[in-house]
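1. following is a predicted model, sequence given first.
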Amino acid sequence: MTRPTVITHNLASIDGRVALSPEVPLLFDPRWTSLAGDEDPYKRVLTVHRPGAILEGSGSFVSAGIPPEPLPPAVEEEGVLTEHFLPEETLVRARSGWLVVPDSRGLVRWMYKEWPGEAWAGWHLLVLVAKKTPPEYLSYLRTETIPYLVVGEDRVDLPVALSLLAGRFGIRRVVSTGGGRLNGALLRAGLVDEIEIEMLPFVTGGATTPALFTAPDLAIDEMPRRFRLLGVEQRAGGRILVRYGAA
C-alpha cells in the first residue's frame, strides 16, 4: 500500500510532555506560549519539510471532559453521509496543502476552514471520519462545506487514510504535529518514518499530562521500535532539536 512519508514533529519538555495539563489544549494554553515563546511552531515544519499535509489530533482543538455543542439532526440520507465529501471548490482552494484532523467522534466545531496568515495561504481543512461517526456531525461538515474522508468503521483507519492522501491528492510527505494519542496510534501502526523533537528547557511532570507517544502498553513478548539518530542541533535559549529516522 503506497503512503506518504510520515514525520512527527513536536515541542516537548525535557520529560517528553507536549502540554502542561490534560484539561487545556496546547493551542489555547498561555502558559505554554510563555515558556515556548511566540514563534510560530509551524514555521519550521512548513519551510524545512514542505509537507503536503499537516496531521493534527482533534484533542488539540477541544478541552477534555467538556461536551461539544449539540448539532441539529442530519438532513441527508445515511448512504450519502458515509461517502467521501470533497467539494470541487475546496480542491481548488487547497493549492498548498491540507490540515488533516481525525475526528471520528465528531467533537470539533470549526472556526476556520482555511487557516489565517500568509504562511498558511492555500491550506484547507480536511477531516477524517468513520462510518459510525455521528450523522449529525457529517451533516454539519457538509453544511459548512468542510471536506471529509470516510476511512474506517468505528474509528479512523490511519493506514487507509494515508493511502488515500497519497492516491487521491498526490501527497508524498505528512508531518504530524498532533498530541500523544495521534502519535501513539501512528507508532503502533508502524507509520512513523521520522521523529523530530524540539526539547524545551523545563520539566512538567504529572501522571496524566499528555506525552509524546501515548499508545497501548507493549506485550511481554513485544519489542519497542528502534530509530537511528539523524541529527542534533543546539538552539537558542537552551533548546535542543533532535531527529531520528526509522532503523
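-> On my side now, so go ahead.
2. from here on, contacts and neighbour counts on C-alpha atoms
-> Will do.
3. can you pull out the strands in the protein?
-> For the chain, strands defined by DSSP state E occupy the ranges 5-13, 53-55, 97-102, 123-129, 148-150, 173-176, 194-200, 227-234, 240-246.
4. summarise which helices and strands the fourth one is packed against.
-> Same thing as strand 123-129. helix 88-93, strand 97-102, strand 148-150 (3 or more Cα pairs under 8 Å, 6 or more residues apart in numbering; DSSP states H and E).
5. that one: how far from the chain's middle?
-> The chain centre lies 10 Å from the centre of strand 123-129; the measure is Cα atoms, centre = their mean, to the nearest Å.
6. with just CA atoms, put that strand into PDB.
-> Output in PDB follows, covering the C-alpha atoms of strand 123-129 (Å, rounded to 0.1, in the frame of the first residue of the first chain):
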ATOM      1  CA  TRP A 123      -4.100  25.500   3.100                       C
ATOM      2  CA  HIS A 124      -7.500  23.900   3.700                       C
ATOM      3  CA  LEU A 125      -9.100  21.800   6.400                       C
ATOM      4  CA  LEU A 126      -9.800  18.100   5.700                       C
ATOM      5  CA  VAL A 127     -11.500  16.000   8.400                       C
ATOM      6  CA  LEU A 128     -11.000  12.200   8.700                       C
ATOM      7  CA  VAL A 129     -14.200  10.400   9.900                       C
END
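7. which of the residues in the helix of greatest length in the chain are buried?
-> Longest helix in the chain, counting residues (DSSP state H): helix 158-169. Residues of helix 158-169 classed as buried: 158-166 (neighbour count, 16 or more other Cα atoms under 10 Å).
8. and if you look at stretch 32-42?
-> A36.
9. L125 pairs with what?
-> With DSSP bridges as the criterion, L125 is bridged to L99.
10. need the pLDDT of it.
-> Note for L125: predicted pLDDT of 96.
11. same check on the one 5 residues further on?
-> A130 is assigned a predicted lDDT (pLDDT) of 98.
12. quick check: it touching D154?
-> Yes - with contact defined as Cα atoms under 8 Å, A130 counts as touching D154 (5.9 Å).
13. common neighbours of the two, please.
-> Residues touching both A130 and D154 (Cα atoms under 8 Å, 6 or more residues apart in numbering) are S104.
14. higher neighbour count, those two?
-> A130 (24 against 13; other Cα atoms under 10 Å).
15. sort out which residues of stretch 14-28 are buried, please.
-> Buried residues in stretch 14-28, counting neighbours by 16+ other Cα under 10 Å, are found at 14-26.
16. that one: how far from the chain's middle?
-> Centroid separation for stretch 14-28 versus its chain: 15 Å, with Cα atoms, centre = their mean.
17. do the same with stretch 71-82
-> 25 Å.
18. before we move on, the earlier item: please export the C-alpha coordinates of the longest helix of the chain as CSV.
-> Provided in CSV are the C-alpha atoms of helix 158-169 (Å, rounded to 0.1, in the frame of the first residue of the first chain):
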residue,chain,number,x,y,z
LEU,A,158,-4.9,5.7,9.6
PRO,A,159,-3.2,3.4,7.1
VAL,A,160,-6.2,3.7,4.8
ALA,A,161,-6.3,7.5,5.3
LEU,A,162,-2.6,7.9,4.4
SER,A,163,-3.0,5.7,1.4
LEU,A,164,-5.9,8.0,0.2
LEU,A,165,-3.8,11.1,0.8
ALA,A,166,-1.2,9.7,-1.5
GLY,A,167,-3.5,8.2,-4.1
ARG,A,168,-6.1,11.0,-4.4
PHE,A,169,-4.1,14.1,-3.6
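19. other residues contacting it?
-> 1-4, 128, 149, 151-152, 171-172, 186, 189, 191.
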